[in-house]
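> Quick one: sequence and predicted model below, then my questions.
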Amino acid sequence: MSRLTGTRPAAARRWGCATTAFVLLLLLLTAQAAQRADLSGDTTAATINHSLTLLQRLQELLQNGNSSDTVLRVRTAAAEEAKVFHTHQLLLSLQSEVFESLLRNQSVITLHEPPETAALFEKFIRYLYCGGISILLHQAIPLHQLASKYRVWGLQRGVADYMRSHLASESSQGHVVTWYHYAVRIGDAVLQETCLQFLAWNLSAVLGSAEWGSVSVELLLLLLERSDLVLHSELELYTAVEGWLSRQQPDGPVAERVLRAIRYPMIAPSQLFRLQAQSAVLARHRAAVQDLLFQAFQFHAASPLHFAKYFDVNCSMFLPRNYLASSWGSQWVINNPARDDRSTSFQTQLGPSSHDAGKRVTWNVLFSPRWLPVSLRPVYSDSVSGAIQPVRIEDGRPRLVITPATSSPDFAGVSFQKTVLVGVRQQGRVVVKHVYSFHQSSDEAADFLAHADLQKRTSEYLIDNSLHLHIIVKPVYHSLIKVKK
């Protein structure tokens, strides 16, 4: 909230006009010089660029208050004295329509800011003069608030871009959850979805961090309903949720809704017995999840084919998430992936049901860095003039094919969803950047690394010249026969 605390004296108005003319002249000369260089096709043309000097002069205007025609007084509720900034109406008005309106008829204004934005106000004003700003993780939200309040749209977009590109940065208390909640408050759907996806694809790291305790009920429920969560196991998720409930102590209906979002059939019976005996949270809310626990034990006791005759298995409760445990898939690090084709194999459990605990499926995987679609392959011609069109390496694209080594009658009633996680290094951390999923009807992801340039060692997809993949195979059950009850 801003209020008028003074008016502009006549001398100040005249001096302000002179300053305005001077700055406008500098900007005009700079623009004209750039235009002349752009329009000239003469080989003797050159560009003389003194823009850095101009920026330095503008910084000096702010630091020294030279030719100032406007005074900003920034107050906080806790501080007795206001911070005073001697500024220039032209520069503020060029960057902010809010300042343009406030300074139309007055030269001294008081701005009331909370402590976190007031602490960055000098940095914010410096941006209005120079068009550049340095930013740290904890400064992102208050700078975005200042840019939004004073309608400095370029800075607002820049800070939002910074937040989306620095989700993986290390911070002592974490920042992604805070940024997500802020995005919800201001209605930034893009930032909100970016944060949510990052949290889902890197959930194991979040569960063990300090920011897990700051997750809101709404965010927790959004995460729990997703099947693309990347974590070690469903038991790991339950343990983290139990800790969250113990710290937050939400109302009974909220706690019960959270507990019912756990996929108990994905937890082994021995672990379910232990939870029933040792979990204080589960004991307190046993009545709310008793039916889910009983169903989970039934699921583990019968064959999936028999269980599917009596229960609807086409629901999220029986769909695995992206579990990193070895029984669900395998990590594959491909060194120098652009060199040639590679292959590997691994085994997974047939399904999460304990009835199939001893059954394994072997999967063969083929990676090709330069596979060519039929439409791009060379065509031979019988004509004399017919020539084979040269094929460039860059015409090919990466390809990953995952197939079962054998078929089995045990596959009845189940299909397999293959998921490939691609890890990249961002701000010194390895995080999941891309997730590709495809079902049994297709042995490969159509767009796998379609935009990756694996020929370059500096490719964002490579870590120390290696491609880091984690392949997960998830059984998806289907109801085959409906039994009348």
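Received, thanks.

> pLDDT value on the nearest residue to residue 169 once chain neighbours are set aside, please?
Once flanking residues are discounted, residue 169 sits nearest to residue 427: 4.3 Å by Cβ to Cβ, 6 or more residues apart in numbering. Heads up, the C-betas are built off the backbone N, CA and C, glycines and all. Per-residue pLDDT puts residue 427 at 81.

> surely residue 427 meets residue 165?
No - with contact defined as Cβ atoms under 8 Å, residue 427 and residue 165 do not form a contacting pair (9.0 Å).

> what ranges do the strands span in the protein?
Counting by DSSP state E, the chain has these strands, from start to end: 2-4, 70-75, 83-87, 108-112, 230-231, 322-323, 329-335, 342-349, 360-371, 397-404, 414-426, 429-438, 466-477.

> rank the ones you listed by pLDDT, which is bottom?
strand 2-4 has the lowest average pLDDT among those, namely a mean of 39.

> Return the set of buried residues in stretch 124-133.
Within stretch 124-133, the residues scored as buried using 16 or more other Cβ atoms under 10 Å are 124, 125, 126, 127, 128, 129, 133.

> before we move on, back to that, residues near the residue nearest to residue 169, how many?
12 (other Cβ atoms under 10 Å).

> ok, what's across the strand from residue 419?
Listed beta-bridge partners, residue 419: residue 437, residue 472 (assigned using DSSP bridges).

> please renumber so the chain begins at 156
In the new numbering, first residue 156, that becomes residue 574.

> Spit out the contact partners of it.
By Cβ atoms under 8 Å, 6 or more residues apart in numbering, the contact set of residue 574 is 383, 477, 484, 590, 591, 592, 626, 627, 628, 629.

> Check the gap between the last one and residue 481 for me.
As for residue 629, its distance to residue 481 is 14 Å (criterion: Cβ to Cβ, to the nearest Å).

> So these two - more neighbours on which side?
Taking neighbours as other Cβ under 10 Å, residue 629 and residue 481 compare with residue 629 leading, 22 against 12.

> residues contacting the more buried one?
Residue 629 makes contacts with 474, 475, 477, 483, 571, 572, 573, 574, as judged by Cβ under 8 Å, 6+ apart.

> And those, which of them are buried?
Neighbour counting over the contacts of residue 629 (16+ other Cβ under 10 Å) leaves 474, 475, 477, 483, 571, 572, 573, 574 as the buried ones.

> Neighbours of the closest residue to the fourth one other than its chain neighbours, how many?
This means residue 483. Nearest non-adjacent residue to residue 483, counting by Cβ to Cβ, 6+ apart: residue 627, 5.4 Å away. Counted with other Cβ under 10 Å, the neighbours of residue 627 add up to 22.

> so what's residue 627 up against?
477, 478, 479, 483, 484, 573, 574, 575, 576.

> Please tabulate the buried residues of stretch 279-288 in JSON lines, including the columns pLDDT and distance to residue 449.
Shown next, in JSON lines, are the buried residues of stretch 279-288 (pLDDT from 0 to 100; distance: Cβ to Cβ, whole Å):
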{"residue": "279", "pLDDT": "96", "distance to residue 449": "59"}
{"residue": "280", "pLDDT": "92", "distance to residue 449": "64"}
{"residue": "281", "pLDDT": "91", "distance to residue 449": "64"}
{"residue": "282", "pLDDT": "93", "distance to residue 449": "61"}
{"residue": "283", "pLDDT": "91", "distance to residue 449": "64"}
{"residue": "284", "pLDDT": "87", "distance to residue 449": "68"}
{"residue": "288", "pLDDT": "92", "distance to residue 449": "58"}
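
> now, among the contacts of residue 627, which is nearest to residue 552?
The closest of those to residue 552 turns out to be residue 575 (Cβ to Cβ; 14.8 Å).
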